[in-house]
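Asks: need a structure here:
(one chain, ligands or ions: 2)
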Amino acid sequence: MESLADRAYLVTGGGTGIGAATALHLAALGASVTVIGRREEPLKKIADEVRRQGGDALAHTADVRDPAAVEAAVDAAMDRFGRIDGLVNNAAGNFVTPAEKLSPNGWRAVVDIVLNGTWNCTSAVARRMIETNRPGSIVSVIATYAWTGHPGTVHSAAAKAGVVAMTRTLAVEWARYDIRLNCVAPGPTETEGAGSALWAEQEDRDRVLASVPLRRFAGAAEVGDLIGLLLSDRAAYITGTTLTADGGQSLGAQIYGPPLETNGASPSPR
Ligand SMILES: CCCCC/C=C/C(=O)SCCNC(=O)CCNC(=O)[C@H](O)C(C)(C)COP(=O)(O)OP(=O)(O)OC[C@H]1O[C@@H](n2cnc3c(N)ncnc32)[C@H](O)[C@@H]1OP(=O)(O)O
Ligand SMILES: NC(=O)C1=CN([C@@H]2O[C@H](COP(=O)(O)OP(=O)(O)OC[C@H]3O[C@@H](n4cnc5c(N)ncnc54)[C@H](OP(=O)(O)O)[C@@H]3O)[C@@H](O)[C@H]2O)C=CC1
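Replies: Numbers count the residues shown, from 1 in each chain. Ligands and ions are numbered 1, 2, ... in the order given. Alright, predicted model coming up:
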């Protein structure tokens, strides 16, 4: 595994789930991390854990929907670590609802967090990279329904598709600054946020598992590991792409596939 010593990264939604796992992974590789989210407590917990393991971390509260709050968070990271090498756009909001029941404010809440929040953070961080003449890597966490679509998730699917288009556009536009932008599309990943928002009941979990050919949820740490790969120099020639890690879920239903119960894989995440 490549060392990320001396590098400094920002992770939005870094207090829980995939964001927390990513922050811990980056810190374990030697990087300093700034974790951003609305609630102080989970951020502090992860920053304390990083420090306990000998790393350096800053917890900064900000709502990614608020450009001024994002600017303040990025300034605080620059003041603390003197550089920014990368950003993980991981913060998201989601809930499942029939589209015809989605209120204007429900649509706005999810699209504002996922699409506008990603732009607020991406533009604030990239401007610092350009001003300080440093290369950088930006990874946004999306979902495969950005291109497949999925009933019940019109707000999130539309917003994630916007993030893909943003990533591809900026990958070309900012290549001249050596700023790379990519997406990671995890399949169903065992996190508290997704568990309560998307598969709260056992029958929902079973349905989700049945849709994944590898028959298990992803672990947050294995997604964090892939994000770390795209941030690192091992991915120096990769830009404008999406790395899908979904256990085959987006390949679609297997009409003539083997019966579900004969698959034999363990349902536990790695
Ligand atoms: C294959 C699997 C793919 C999975 C891909 C993606 C997974 C994920 O994204 S998992 C991430 C899940 N984590 C979270 O969602 C955590 C953060 N969530 C939130 O902050 C809230 O859920 C939020 C998105 C609603 C935003 O919070 P906030 O800004 O505080 O918004 P409000 O609570 O004021 O609500 C705004 C608006 O939305 C309506 N609404 C909220 N929940 C639902 C719901 N379950 N169903 C329908 N509508 C909902 C709420 O009623 C408000 O609208 P109005 O009532 O019209 O004002
Ligand atoms: N888990 C899964 O199955 C999948 C997840 N994903 C994506 O992975 C990412 C992480 O999801 P996951 O770890 O499961 O979910 P979590 O709910 O654990 O993480 C979401 C994080 O975003 C933060 N957040 C939410 N709204 C805002 C906001 N307005 N400003 C700042 N931070 C905010 C939350 O903290 P706070 O509430 O304190 O602000 C929380 O830490 C998301 O982009 C999600 O769409 C994609 C595919 C599948």
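Asks: give me the beta-bridge partners of H60?
Replies: I36 (DSSP bridges).
Asks: show me the contacts for it.
Replies: Listed by C-beta atoms under 8 Å, 6 or more residues apart in numbering, the contact partners of H60 are 34-36, 43, 72-73, 76-77. Any C-beta I mention is one placed from the backbone N, CA and C, and that applies to glycine too.
Asks: quick check: end-to-end length of stretch 28-37?
Replies: 21 Å (C-alpha to C-alpha, to the nearest Å).
Asks: any part of that stretch near ligand 2?
Replies: Yes - shown here: stretch 28-37 in contact with ligand 2 (C-beta under 6 Å from any ligand atom) through G37.
Asks: okay, the contacts of H60 in TSV with pLDDT next?
Replies: As requested, the contacts of H60 are exported to TSV (pLDDT from 0 to 100):
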residue	pLDDT
T34	98
V35	98
I36	99
L43	98
A72	98
A73	98
A76	98
A77	98
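Asks: go through the residues you listed and flag which are in strands.
Replies: 34-36 (DSSP state E).
Asks: now these: which count as buried?
Replies: Neighbour counting with 16 or more other C-beta atoms under 10 Å marks 34-36 as buried within the ones in strands among the contacts of H60.
Asks: export those residues to CSV and tack on distance to A157?
Replies: What follows is those, written out as CSV (distance: C-beta to C-beta, whole Å):
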residue, distance to A157
T34, 29
V35, 27
I36, 24
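Asks: need the contact list for the residue in the stretch 51-200 of the chain that ligand 2 sits nearest to.
Replies: Nearest residue of the stretch 51-200 of the chain to ligand 2, counting by C-beta to the nearest ligand atom: G193, 1.8 Å away. G193 makes contact with 16-17, 94, according to C-beta under 8 Å, 6+ apart.
Asks: redo that, cut-off 7 Å
Replies: G193 makes contact with 16-17, according to C-beta atoms under 7 Å, 6 or more residues apart in numbering.
Asks: near ligand 1 too, which of the buried ones among the ones in strands among the contacts of H60?
Replies: Answer for these near ligand 1: none qualify (C-beta under 6 Å from any ligand atom).
Asks: check whether the host helix or strand of G193 contacts ligand 1.
Replies: When elements are assigned from DSSP states H and E, G193 belongs to helix 192-198. Yes - counting by C-beta under 6 Å from any ligand atom, ligand 1 has neighbours in helix 192-198: 193-194, 197-198.
Asks: quick one, helices of the stretch 151-270 of the chain?
Replies: Under the criterion DSSP state H, counting those that start in this stretch, the stretch 151-270 of the chain contains helices at 154-173, 192-198, 202-210, 220-231.
Asks: give the other helices and strands that the first one contacts.
Replies: Secondary structure elements in contact with helix 154-173, counted by 3 or more C-beta pairs under 7 Å, 6 or more residues apart in numbering; DSSP states H and E, are helix 104-111, helix 117-131, helix 145-148, strand 179-186.
Asks: for D66, find the nearest of those.
Replies: helix 117-131 (7.6 Å; C-beta to C-beta).
Asks: so what touches the helix or strand that the closest one is followed by?
Replies: Later in the chain than helix 117-131, the nearest helix or strand by DSSP H and E is strand 136-141. The contact list for strand 136-141, computed with C-beta under 7 Å, 6+ apart, reads 18, 84-90, 118, 122, 125, 129, 163, 167, 179-184, 186, 227, 230-231.
Asks: SS state for the residue in the stretch 51-200 of the chain positioned nearest to ligand 1?
Replies: At 2.5 Å from ligand 1, G93 is the closest residue in the stretch 51-200 of the chain, using C-beta to the nearest ligand atom. Secondary structure assignment for G93 (DSSP: H, G, I helix; E, B strand; the rest coil): coil.
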